[in-house]
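Novice: with the input below, show me the fold.
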Amino acid sequence: MFGFKSSNATDDSNVLLRDVGVSEMNKQHIQLASYTVEFHQIVEELKDREATTEDWRRIDSVFSRIMKLVVKHFSEEEQMMKKHSYPDIVNHKQLHAKFVEQMGKIQNEINGRNIKYVEKLSGILWEWLYKHINEVDYGYRDFFNSKEA
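Specialist: Prediction:
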């Protein structure tokens, strides 16, 4: 396990991100979580006030870092899957493509300075982190451990 866990937890119930069994993927997941926390903090700051030019600069910066990491992560994960003939690669790539498409739509809303959609993005990122990493990516743990990827 890695991520956030209470000191007395004995199971995965208090873990933000599960160990997917591939060190580099775990590192990238942690980095994505860090960017998501940063993004969420900005959104929280804007709940009671109008976004300034500086706020939008920060949003643009974090979103750019998120997208660069997502593209890098998906590419490296898919290359690893191809190299080791991962049996569910087609479905996994489709999930990645759907997420990138969704993020592109969000980019348009950010470019249009739609703060309500920025709030939605924060939820989408948390959902992706929790569901995709802890369920879908965690599903390849045993496969890649057996390949020593």
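
Novice: so which bits of the worst-scoring helix or strand of the chain on mean pLDDT are buried?
Specialist: Here the helix or strand of the chain ranked lowest by mean pLDDT, DSSP states H and E is helix 115-127, holding a mean of 80. Applying a neighbour-count criterion of 16 or more other C-beta atoms under 10 Å, the buried positions in helix 115-127 are 115, 118, 121-122, 125-126. (C-beta placed from N, C-alpha, C; glycine too.)

Novice: what of stretch 99-109?
Specialist: 99, 103, 106.

Novice: the last one contacts N114, doesn't it?
Specialist: By that I understand I106. No: in this structure, I106 is not within contact of N114 by C-beta atoms under 8 Å, at 9.3 Å.

Novice: now W126. Nearest residue, chain neighbours left out?
Specialist: Excluding the flanking residues, the one nearest W126 by C-beta to C-beta, 6 or more residues apart in numbering is T36, at 6.4 Å.

Novice: that neighbour touches I66, doesn't it?
Specialist: Yes: between T36 and I66 there is a contact under C-beta under 8 Å: 7.4 Å.

Novice: list residues touching both of I106 and N114?
Specialist: Contact criterion C-beta atoms under 8 Å, 6 or more residues apart in numbering; residues shared by I106 and N114: none found.

Novice: listing request: residues of the protein with sub-threshold pLDDT.
Specialist: 1-15, 149 (pLDDT under 70).

Novice: so where do the helices sit in it?
Specialist: Counting by DSSP state H, the chain has helices at residues 23-45, 53-83, 89-111, 115-127, 141-147.

Novice: check which residues of the longest one are buried.
Specialist: What that stands for is helix 53-83. So for helix 53-83, counting by 16+ other C-beta under 10 Å, buried means 55-56, 58-59, 62-63, 65-67, 69-70, 73-74, 77, 80-81.

Novice: now, the most widely separated pair of those residues?
Specialist: Largest separation among the buried residues of helix 53-83 by C-beta to C-beta: D55 and M81, giving 38.1 Å.

Novice: from E101, how far out is the closest residue to K93 other than its chain neighbours?
Specialist: Distances taken as C-beta to C-beta, 6+ apart put E78 closest to K93, at 5.8 Å, once the chain neighbours are dropped. Applying C-beta to C-beta, to the nearest Å, the value for E78 to E101 is 16 Å.
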